[in-house]
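Based on what follows, work out the 3D shape:
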Amino acid sequence: MISELVQYFFGIYRDFLTNTLNAIAVCFILVFVVLAALTGARKTVLSRAAITNTLSSLAILMLNIFMSPIVFALSGFAAGLYAKLNIPSVPASFWAAQPWIVTALAGIITKDFADYWNHRFMHTKFGWPIHVVHHSDTHVNGFTTFRVHALEVILMKISYIGLLTWIGIPADMIVMAFIFSSLHNAYVHLELDIDHGPFNWLLASPNFHRWHHADVPEAYGKNLANMIPFYDWLFGTYYKTTPCHEKMGAENDGIPGTDPVKLFVLPFEMWFGQAKQAISGLLARPKPHEPG
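Residues are numbered from 1 along each chain as shown. The predicted structure is shown next:
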């Protein structure tokens with residue numbers, strides 16, 4: 001039962017997301033760019049920096065699509081291992097008895113909980129080389145949502161198997177959660193000075209997320225929730241939702257901003273540097289004094 005559910009979920013997820021969802025998100029962002037350009041924001045949304053970074057983000061998306069067979073193969077392998085654990089799941093009959101909106105909200109809430117902890121891990125020393133690619137964008141806009149390293153995609157997919165499969169939410173409701181999540185992710189990256197007032201704790205706004213991308217030390221590792229800022233409040237990573245006019249990107253780390261090939265190999269270079277530094281530290285330790 002679990003194995004069939006996992007295979008069904010990834011079959012729908014692969015076929016649907018690799019084609020339709022990316023197209024929906026791109027169309028959503030393009031509509032915003034056109035409207036913004038027509039209403040006086042042309043110098044911002046069509047600036048040289050915006051165009052250069054957008055092309056880099058789309059190049060990374062193309063690389064990820066090219067890598068998708070490897071991503072899905074590893075995800076399938078992880079799904080097979082999970083199925084062998086025979087972890088009990090919530091029976092399908094439970095969700096069948098619920099209104100569809102309850103099931104859809106359960107999918108959104110649990111997915112964002114998984115995303116929060118994935119995101120928090122990726123802001124640790126070991127996880128940062130994967131996620132820094134997303135933060136390399138110095139002109140954050142809707143297309144930044146596609147600037148994600150393939151290793152991050154793999155991490156997220158595998159984590160969903162362990163954190164979401166046991167809940168047993170029907171695959172079509174999971175897809176609905178992913179549709180909403182993806183469109184919302186594009187929305188919070190848009191160049192908008194918007195917060196949600198009294199609902200800031202409930203649904204992330206562009207202001208909330210722009211602080212997450214701000215290249216200022218006080219904002220590092222803050223506002224980690226993709227959709228539900230309540231998780232940040234609960235776990236101590238909530239920052240602010242006031243308008244953010246700070247510079248974007250990760251230039252303090254000397255990260256290349258627009259070269260997709262350099263960004264693709266960047267995690268491996270950073271991990272190599274971390275390993276080299278750790279080995280050098282071990283070799284430099286003074287030997288304990290041996291009694292004569």
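
Just give me the neighbour total for the closest residue to L266 other than its chain neighbours.
In this structure, L266 finds its nearest non-sequential neighbour in V133, 6.3 Å apart by C-beta to C-beta, 6 or more residues apart in numbering. For every residue, glycine as well, the C-beta is placed using N, CA and C. Residue neighbour count, defined by other C-beta atoms under 10 Å, stands at 25 for V133.

Contacts for the helix or strand in which V133 is found, please.
Here V133 sits within helix 128-135, counting by DSSP states H and E. Contact with helix 128-135 is made by 60, 119, 122-123, 144, 147-149, 151-152, 155, 213, 249-250, 253, 255, 263-264, 266-268, 270-271, 274, as judged by C-beta atoms under 8 Å, 6 or more residues apart in numbering.

tell me the mean pLDDT over the longest helix anywhere in the chain?
Longest helix in the chain by number of residues (criterion: DSSP state H): helix 48-84. Taken as a whole, helix 48-84 has a mean pLDDT of 87.

Which positions in it come out as buried?
Counting neighbours by 16 or more other C-beta atoms under 10 Å, one finds that the buried residues in helix 48-84 are 50, 53-54, 56-57, 59-61, 63-64, 67-68, 71-72, 75-76, 78-79, 82-83.

That one packs against which elements?
Using 3 or more C-beta pairs under 8 Å, 6 or more residues apart in numbering; DSSP states H and E as the contact criterion, the elements in contact with helix 48-84 are helix 2-16, helix 150-164, helix 260-284.

Give me the angle between the longest one and helix 128-135.
To tie it back to what came earlier, the one meant is helix 260-284. 150 degrees (axes from the mean of the first three to the mean of the last three C-alpha atoms, to 10 degrees).

quick one: average confidence on helix 260-284?
Per-residue pLDDT over helix 260-284 has a mean of 89.

Ok, the first one next?
In this model, helix 2-16 has an average pLDDT of 52.

after it comes which helix or strand?
Per DSSP H and E, the first helix or strand lying C-terminal to helix 2-16 is helix 22-38.

Distance from the very next helix or strand once past that next one to the middle of the chain?
Sequence order places helix 42-45 as the next helix or strand after helix 22-38, per DSSP H and E. Computed by C-alpha atoms, centre = their mean, to the nearest Å, the chain-centroid distance of helix 42-45 equals 26 Å.

Give me the helices and strands touching helix 42-45, please.
Looks like helix 42-45 contacts helix 22-38 (3+ C-beta pairs under 8 Å, 6+ apart).

got the angle between the helix it packs on and helix 48-84?
With the same axes, to 10 degrees applied, the angle from helix 22-38 to helix 48-84 works out at 160 degrees.

What residues of helix 22-38 count as buried?
N22, A25, V26, F28, I29, F32, V33, A36.

could you dump it to PDB, C-alpha only?
C-alpha atoms of helix 22-38 as PDB (Å, rounded to 0.1, in the frame of the first residue of the first chain):
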ATOM      1  CA  ASN A  22       6.800  25.300 -14.200                       C
ATOM      2  CA  ALA A  23       4.800  26.800 -17.100                       C
ATOM      3  CA  ILE A  24       2.100  28.100 -14.800                       C
ATOM      4  CA  ALA A  25       4.700  29.700 -12.500                       C
ATOM      5  CA  VAL A  26       6.500  31.300 -15.400                       C
ATOM      6  CA  CYS A  27       3.300  32.700 -16.800                       C
ATOM      7  CA  PHE A  28       2.300  34.100 -13.400                       C
ATOM      8  CA  ILE A  29       5.700  35.900 -13.100                       C
ATOM      9  CA  LEU A  30       5.600  37.200 -16.700                       C
ATOM     10  CA  VAL A  31       2.100  38.700 -16.100                       C
ATOM     11  CA  PHE A  32       3.500  40.500 -13.100                       C
ATOM     12  CA  VAL A  33       6.500  41.800 -15.000                       C
ATOM     13  CA  VAL A  34       4.300  43.100 -17.800                       C
ATOM     14  CA  LEU A  35       1.800  44.800 -15.400                       C
ATOM     15  CA  ALA A  36       4.700  46.300 -13.400                       C
ATOM     16  CA  ALA A  37       6.400  47.600 -16.500                       C
ATOM     17  CA  LEU A  38       3.100  49.200 -17.700                       C
END
